[in-house]
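Undergrad: prediction below, plus the sequence it came from.
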Amino acid sequence: MSPLAATVAFVFGLVALGYFSGWSGLLKQETDTALTEFAVSVAVPLLLFRTMSQADFAGSLPLGLWAVYFSAIVVTWGLSQLITVRVFGRDSRAGVVGGLAAGFSNLVLIGIPFMLGVYGQEGFEILSLLVSVHLPVMTAASILLFALLGSKAGERPGWLDMTRDFARTLLSNPLVIGILAGLLWRVTGLSMPALLERLIDALADVAGPVALFAMGLSLRRYGISGNVRPALVVAALKLFLMPAAALVFAKLFGLPPLTAKVAVAAAALPSGVNPYLIASQFRTGQALASNAMTIATASAVVTTSFWLVVAQWAFG
């Protein structure tokens, strides 16, 4: 087995093992919540803190990387939202969920261990530059679109309320805290005390496996329900259109080879649980988001391998 195939098998094997543990009854259903909270609130933030405090990003903002990745999101989100509304007859608010589910990659639970396995520490550092802005941008875009497209009287919050809620959500997010704390530590130039470094390493090193296992376990909770046809289309757009758009934009913007390959691989990842959580918050499109996440995650073991090979061929 090639190193690439071995990495893909390992990553999605852990997801499958988590799903089987929930399906078989080996672990209780609520275990996925505890494991996910540990991964997202403790282990992954410490991993991001360690990366941001040690990495050298050459002192410049990765504007090209961000432009490529978010251009691919705009294309995919826009088409998915249009199809959800015009083809499947859903309302505009459900259309936002369809667009979000097609454009929101699972950069944390799957993306971080995936990039570490495929592209190593350098690839993970590039991914961290996406993670640092991904959640704030996608959350802000979702809130804005729901506010603009909310058709029911009294459901549109005021701009001040939206801004306050967004800032509160963002600044209380453990991932954002880990990133900001790591950047601040690097700015100070302080050396890491040996005991603190050992504690961080102990928890950060298990972030990837725990996150993947928790992701698989959570799929058992969300599953597939209701009309799956819109979700199939949304998942197909996520797994094929978005990485294709990222590849085209990476060529147009002239990204360095490794940065381009990370951008394409990140775009090829399945959607995570965030679109479902946002759909639940706004009480629309929950089944669409859940179905799309489950279908895309199950299919990604094949499609991500395909896009890794394509990216290697395109960028060397």
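TA: Done, it's in.
Undergrad: give me the low-pLDDT residue ranges for this structure?
TA: Where the chain drops to pLDDT under 70, the residues are 1-3, 55-61, 150-159, 161-162, 165-166, 169.
Undergrad: what's the spacing between the residue nearest to the spatial centre of it and residue 266?
TA: Computing the C-alpha centroid of the chain and ranking residues by CA atoms, centre = their mean puts residue 106 first, at 2.4 Å. Counting by CB to CB, to the nearest Å, the separation of residue 106 from residue 266 is 10 Å. C-betas here are computed from N, CA, C, even on glycine.
Undergrad: what does residue 42 give?
TA: From residue 42 over to residue 266 the distance is 23 Å, taken as CB to CB.
Undergrad: okay, these two: which has more neighbours?
TA: Legend: neighbour count by other CB atoms under 10 Å for residue 42 and residue 266, higher for residue 266 (26 against 17).
Undergrad: doesn't the more buried one belong to a helix?
TA: Yes: applying DSSP: H, G, I helix; E, B strand; the rest coil, one finds residue 266 inside a helix.
Undergrad: what about the closest residue to residue 73 other than its chain neighbours, distance to residue 256?
TA: Of all residues not flanking residue 73 in the chain, residue 103 sits nearest, at 4.2 Å (CB to CB, 6 or more residues apart in numbering). Per CB to CB, residue 103 is found 24 Å from residue 256.
Undergrad: which of those two has more neighbours?
TA: Here residue 103 and residue 256 are compared on neighbour count by other CB under 10 Å; more neighbours surround residue 103, at 29 against 13.
Undergrad: residues touching that one, list them.
TA: The neighbourhood of residue 103, defined by CB atoms under 8 Å, 6 or more residues apart in numbering, consists of 73-74, 76-77, 80, 138, 238, 242.
Undergrad: mind checking which of those residues land in helices?
TA: Among the contacts of residue 103, the residues falling in helices (DSSP state H) are 73-74, 76-77, 80, 138, 242.
Undergrad: phi, psi for residue 105 please.
TA: In this entry, residue 105 is assigned phi and psi values of phi -80, psi 150 (degrees, to the nearest 10).
Undergrad: got a list of what residue 173 touches?
TA: Residues in contact with residue 173 (CB under 8 Å, 6+ apart) are residue 135.
Undergrad: what's the spacing between it and residue 274?
TA: As it turns out, when the distance is counted by CB to CB, residue 173 lies 11 Å from residue 274.
Undergrad: the residue nearest to the centre of the chain and residue 269 touch, don't they?
TA: Yes: in terms of CB atoms under 8 Å, residue 106 counts as a neighbour of residue 269; the distance is 5.2 Å.
Undergrad: count the neighbours of residue 147 for me.
TA: Each residue near residue 147 was counted by other CB under 10 Å, and the total is 15.
Undergrad: ok, residue 5 next?
TA: As a burial measure, residue 5 scores 11 neighbours (other CB under 10 Å).
Undergrad: which strand or helix spans it?
TA: Following DSSP states H and E, one finds residue 5 within helix 3-23.
Undergrad: need the CA coordinates for that helix. CSV is fine.
TA: Extracted in CSV, the C-alpha atoms of helix 3-23 (Å, rounded to 0.1, in the frame of the first residue of the first chain):
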residue,chain,number,x,y,z
PRO,A,3,1.9,6.0,1.8
LEU,A,4,-1.0,8.1,0.4
ALA,A,5,-3.4,5.2,0.4
ALA,A,6,-2.2,4.2,3.9
THR,A,7,-2.9,7.7,5.2
VAL,A,8,-6.4,7.9,3.7
ALA,A,9,-7.2,4.4,5.0
PHE,A,10,-5.9,5.3,8.5
VAL,A,11,-7.9,8.6,8.6
PHE,A,12,-11.2,7.2,7.4
GLY,A,13,-10.6,3.9,9.2
LEU,A,14,-10.7,5.8,12.5
VAL,A,15,-13.9,7.5,11.4
ALA,A,16,-15.4,4.1,10.5
LEU,A,17,-14.2,2.6,13.8
GLY,A,18,-16.0,5.4,15.7
TYR,A,19,-19.2,4.8,13.7
PHE,A,20,-19.1,1.0,14.3
SER,A,21,-18.6,1.6,18.1
GLY,A,22,-21.8,3.6,18.1
TRP,A,23,-23.7,1.4,15.8
